[in-house]
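S.K.: Below is the structure, and that's it, no one-letter string:
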DNA sequence: GGCATTACTTACATTGATGTCAATATAAAA
DNA sequence: TTTTATATTGACATCAATGTAAGTAATGCC
């Protein structure tokens, strides 16, 4: 996995059905603007994930895709344009994953646990976290970050479930801020996990199974917290 | 605080005590190699913290310190040399802070809570976390990371205290992995807090006091966890 | 004072990355 | 087929950042 996948390179010449004309290979591949943009963003994302911020070089990305670097500039205006397009796309994907996570579990019952797990999973994706981290590190947060109040949204949904759960069990309604803090902790921890988690785990001698146990342990911690509050 | 502090620039000419010779101002400031290195690293650290990785440019740093950029190369060989020196120094500082945190609280009694708080504090320092993050992002982890098994060390110390605390209370000894996980969670969360924490908090409409409450909430969460396990 | 060492400087060389331009090829419309 | 639009290219311009070289000046030691 050291080398970047050359996604859209050299699609085989589609010999026009009837006539097997041998020399029909086009000298240039011409994609739709949309697809070209997609391929370029894919390559850029891969570079960012594997090599970090400095891996985003037009020449390299162009080579990955199998085009020349001015083609990238044609589609994105500038390197900065590519970067913000990448941020925008990743943010959107993250948002989608999050919102999908919000709908997981049976909706009426309060399977807050599973929800938390899914949120953790979505945020601790290595590529996403790295991009997010880099975005924050370089101060590109405001421009095109995960749009709006995603955090608030998640906390709100989670809180709704807790209230339902508490009502079912005849327990008092949980504190709103408590739920917000649970969400924040999950986000922070998931994010941290994606960036330094592996490093720490390795240092502590944890293998893959150990890392999995850690996530379960965390889920249980939150679960116990919620349960403990019910009485 | 937008501009970087010009630390070592233009120290006033120390008029040699008795004779007030007016023109005695030296044309060049010549520091000890050690001090020059220190000033340069300070400036680099500041740049990294405020502007991110791309803020580390020899020219800029040189201007901050008030020297010419080849002077930096003289002391650090290359930009890469400067970077690894910075990483090494920050790692060492982090290690020191951590080890200091380990000795906080009264040593015999099991004030694990305070310990956790201090560790959190040390790791969630913005500059440190940013450097660490960048170091991991760019794959400079192995070369000069926080030396050795710091994580293991911390978990070990914490575990020791838990055992003592449990013995005092006549409770069964806690699980070793449980302690490790608490440490990992703390590290992950603190790290995440430093990078995306402010962002999330702002999004959720939390002010400074709210952030403080979050930390206390987290400490209590762990505390309750430890207590709950005792019975 | 004379001398050796070395922190530091100015001017220049080099490299590598982004961005520009004019030309070309390809897909689709007319 | 002809025309139009535009994705794509190669060669070049530009610029910024790192690194080099040779000389200068401060400091400590004899």
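M.R.: Here it is on my side, so go on. Not measured: the values here are computed from a predicted model.
S.K.: Can you report phi and psi for residue A:93?
M.R.: With angles defined as degrees, to the nearest 10, residue A:93 sits at phi -60, psi -40.
S.K.: ok, now which ones touch it?
M.R.: Under the criterion of CB atoms under 8 Å, 6 or more residues apart in numbering or on different chains, the contact partners of residue A:93 comprise residue A:128. Where you see a C-beta, it was placed from the backbone N, CA and C, and this is true even at glycine.
S.K.: Please apply the same query to residue A:206.
M.R.: So residue A:206 contacts A:214, B:180 (CB under 8 Å, 6+ apart).
S.K.: Now do the buried residues in the helix or strand containing residue A:181.
M.R.: Element membership for residue A:181, per DSSP states H and E: helix A:176-192. By 16 or more other CB atoms under 10 Å in any protein chain shown, the buried positions in helix A:176-192 come out as A:177-192.
S.K.: now the angle between helix B:176-192 and that helix, please.
M.R.: 90 degrees (axes from the mean of the first three to the mean of the last three CA atoms, to 10 degrees).
S.K.: now helix A:176-192: how far from the chain's centre is it?
M.R.: A distance of 17 Å separates the centroid of the chain from that of helix A:176-192, by CA atoms, centre = their mean, to the nearest Å.
S.K.: can you check stretch A:34-52 too?
M.R.: Here stretch A:34-52 is found 14 Å from its chain centre; the criterion is CA atoms, centre = their mean.
S.K.: repeat for stretch A:62-82
M.R.: Taking the mean of its C-alpha atoms, stretch A:62-82 sits 23 Å from the chain's own mean (CA atoms, centre = their mean).
S.K.: Please see if that stretch touches DNA strand C.
M.R.: Yes. Contact between stretch A:62-82 and DNA strand C is present through A:69-70, A:73, A:78-80 (criterion: CB under 7 Å from any atom of the strand).
S.K.: possible to save the residues you listed as a markdown table with distance to DNA strand D and secondary structure?
M.R.: As requested, the residues of stretch A:62-82 next to DNA strand C are exported to a markdown table (distance: CB to the nearest atom of the strand, whole Å; DSSP: H, G, I helix; E, B strand; the rest coil):
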| residue | distance to DNA strand D | secondary structure |
| --- | --- | --- |
| A:69 | 7 | helix |
| A:70 | 4 | helix |
| A:73 | 8 | helix |
| A:78 | 13 | coil |
| A:79 | 13 | helix |
| A:80 | 13 | helix |
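S.K.: so which pair among those residues is furthest apart in space?
M.R.: A:70 and A:80 (15.8 Å; CB to CB).
S.K.: I'd like the mean pLDDT over stretch A:174-186, please.
M.R.: The predicted model gives stretch A:174-186 an average pLDDT of 93.
S.K.: likewise stretch A:82-91?
M.R.: The average pLDDT within stretch A:82-91 is 93.
S.K.: Might you report the residue contacts of the most centrally placed residue in chain A?
M.R.: If you average the C-alpha coordinates of chain A and look for the closest C-alpha using CA atoms, centre = their mean, you land on residue A:128, 3.6 Å from that point. When the contact criterion is CB under 8 Å, 6+ apart, the partners of residue A:128 are A:90, A:93-94, A:122, A:194.
S.K.: secondary structure element for it?
M.R.: Following DSSP H and E, one finds residue A:128 within helix A:126-137.
S.K.: any residue of that helix up close to DNA strand C?
M.R.: No. Contact between helix A:126-137 and DNA strand C, assessed by CB under 7 Å from any atom of the strand, is absent, since the two come no nearer than 14.4 Å.
S.K.: Could you tell me the angle between that helix and helix B:126-137?
M.R.: Helix A:126-137 and helix B:126-137 meet at an angle of 140 degrees, taking the same axes, to 10 degrees as the criterion.
S.K.: Please report the number of neighbouring residues for the closest residue to residue A:210 other than its chain neighbours.
M.R.: For residue A:210, the nearest residue in space outside its immediate sequence neighbours is residue A:201; the separation is 6.6 Å by CB to CB, 6 or more residues apart in numbering or on different chains. Around residue A:201 sit 20 other residues, with neighbours defined as other CB atoms under 10 Å in any protein chain shown.
S.K.: What's the mean pLDDT across the helix or strand harbouring residue A:201?
M.R.: For residue A:201, the element it lies in under DSSP H and E is helix A:198-203. This predicted structure assigns helix A:198-203 an average pLDDT of 88.
S.K.: What is that helix packed up against?
M.R.: In terms of contact count using 3 or more CB pairs under 8 Å, 6 or more residues apart in numbering or on different chains; DSSP states H and E, helix A:198-203 is assigned the packing partners helix A:208-230, helix B:150-168, helix B:176-192.
S.K.: how about the longest one: buried residues?
M.R.: The one in question is helix A:208-230. When burial is assessed from 16+ other CB under 10 Å, helix A:208-230 yields the following buried residues: A:211, A:214-215, A:217-219, A:221-222, A:225-226.
S.K.: Check stretch A:46-65 too.
M.R.: By neighbour count, with 16+ other CB under 10 Å as the criterion, the buried positions of stretch A:46-65 are A:46-53, A:55-56, A:58, A:60-65.
S.K.: Could you list which of these belong to helices?
M.R.: When the buried residues of stretch A:46-65 are checked against helices (DSSP state H), the matches are A:46-51, A:58, A:60-65.
S.K.: Assign residue A:31 to helix, strand or coil.
M.R.: In three-state terms, and counting by DSSP: H, G, I helix; E, B strand; the rest coil, residue A:31 is coil.
S.K.: helices and strands of chain A: which one bottoms out on pLDDT?
M.R.: Across the helices and strands of chain A, the lowest-confidence element by mean pLDDT, DSSP states H and E is helix A:141-144, at a mean of 65.
S.K.: Please check the residues of stretch A:62-82 next to DNA strand C and keep the buried ones.
M.R.: The neighbour-count test (16+ other CB under 10 Å) marks A:69, A:79 as buried among the residues of stretch A:62-82 next to DNA strand C.
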